[in-house]
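In: Below are the sequence and a predicted model; questions follow.
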Amino acid sequence: TELTENKKEEPKESWKDCIYNPRTGEFMGRTASSWGETVSMFTLDDNVPRYQDRVANPGLVIRPHAAEISFNRSDPTNYNQYIQNLHNLLQRYNDSIQERNDLCMVGEYTEQDNEPIKKVCQFKRSMLRQCSGLRDSSFGFAEGKPCIIIKMNRVIGLKPQGDPYINCTAKGDSPLRMQYYPSEARLDKMFFPYYGNKAHADYVQPLVAVQLLLSREDLNVEQTVECKLEGTNLRNDDDRDKFMGRVVFRVKVSE
């Protein structure tokens, strides 16, 4: 009766209240003071970070997208999914697309905070040479010398100090020969900062490919490889986060 009527009169929370609730003063379920205590970065608009009180430490990821890459080099059906994954990643890096983008200053940040339309620095897939999928559409898999492509997760406003590069090591008794493309394995500063998907819609992050030059003795043996981001202030040694500034993967090639 009376209780039922009161319930009817009380306004139901809408989806808008989930974002901002005028009755409680909560935004996304938290009060302003609560947000103020924990926020490390907020934006003036969707694109440009206004301030950041700690260094964001991005993770590293690999393609093909698999923690364990196992295949028989004599059977293309074994590795087709891997090379398709690499071709898909590199579509946006096709030279014909990248030639529309800007040639930026090597070793310098591309700062454009006040530019309404952010330019995009060129990264052509041909720079990955043997690991570009252009000269060898199997990315070395058919030869049993697979290419692994490493990229750093995007963080809005990040400007890595120093001269960031990727360094990979085999976690085993026997050394493993590797070749990097581009040869210096750098993640050049020209690709930073990133301004977010809205302002920087065509942005592509720099890539580093590492080709595992497996010998006959390396076949049928599981290889564990760790790649780290070096030469910068960004962390790569946090035991609580195995992907912060580093990535570990396993490769086993048979014939």
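Out: Received the coordinates, thanks.

In: Excluding chain neighbours, what is closest to the most centrally placed residue in the chain?
Out: Centroid-nearest residue in the chain: Asn153, 2.8 Å away (criterion: C-alpha atoms, centre = their mean). For Asn153, ignoring the flanking residues on the chain, the nearest one in space by C-beta to C-beta, 6 or more residues apart in numbering is Pro58 at 4.3 Å. Backbone N, C-alpha and C define where each C-beta goes, glycine included.

In: how far away is that neighbour from Met244?
Out: According to C-beta to C-beta, to the nearest Å, Pro58 stands 8 Å off from Met244.

In: From Ser126, how far out is the residue nearest to Asn153?
Out: Distance from Pro58 to Ser126, counting by C-beta to C-beta: 26 Å.

In: Compare those two and say which is more crowded by neighbours.
Out: Higher neighbour count among Pro58 and Ser126: Pro58, with 20 against 14, using other C-beta atoms under 10 Å.

In: Just the pLDDT for that one.
Out: Listed pLDDT for Pro58 reads 91.

In: Go through the helix or strand hosting Val247 and flag the buried ones.
Out: For Val247, the host element (DSSP states H and E) is strand 246-254. By 16 or more other C-beta atoms under 10 Å, the buried positions in strand 246-254 come out as Arg246, Val247, Phe249, Val251, Lys252, Val253.

In: Strands of the stretch 1-150 of the chain, start to end?
Out: Per DSSP state E, counting those that start in this stretch, the stretch 1-150 of the chain carries strands over the ranges 20-21, 26-27, 41-43, 49-52, 60-63, 68-72, 147-152.

In: weakest of those by average pLDDT?
Out: Lowest mean pLDDT within the strands of the stretch 1-150 of the chain: strand 41-43, a mean of 35.

In: Quick one: the helices in this structure, in order.
Out: 2-9, 15-19, 32-38, 76-90, 95-98 (DSSP state H).

In: Output the lowest mean pLDDT helix or strand found in the protein.
Out: When the helices and strands of the chain are scored by mean pLDDT, DSSP states H and E, strand 41-43 comes last with a mean of 35.

In: could the buried residues of strand 246-254 be laid out in CSV, adding pLDDT and distance to Gln122?
Out: Below are the buried residues of strand 246-254 laid out as CSV (pLDDT from 0 to 100; distance: C-beta to C-beta, whole Å):
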residue, pLDDT, distance to Gln122
Arg246, 93, 27
Val247, 94, 25
Phe249, 95, 28
Val251, 96, 30
Lys252, 95, 36
Val253, 96, 33
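
In: ends of stretch 205-221, how far apart?
Out: End-to-end distance for stretch 205-221, by C-alpha to C-alpha, to the nearest Å: 33 Å.

In: Tell me which residues touch the closest residue to Val253 other than its chain neighbours, please.
Out: Of all residues not flanking Val253 in the chain, Gly144 sits nearest, at 4.8 Å (C-beta to C-beta, 6+ apart). Counting by C-beta atoms under 8 Å, 6 or more residues apart in numbering, Gly144 touches Arg73, Leu214, Leu219, Val253, Glu255.

In: For those residues, work out which two are farthest apart.
Out: Taking C-beta to C-beta, the two most distant members of the contacts of Gly144 are Leu214 and Glu255; they sit 10.2 Å apart.

In: more neighbours, these two?
Out: A side-by-side neighbour count of Leu214 and Glu255, using other C-beta under 10 Å, places Leu214 first with 22 against 10.

In: Report the separation between that one and Arg100.
Out: Using C-beta to C-beta, Leu214 is found at 37 Å from Arg100.
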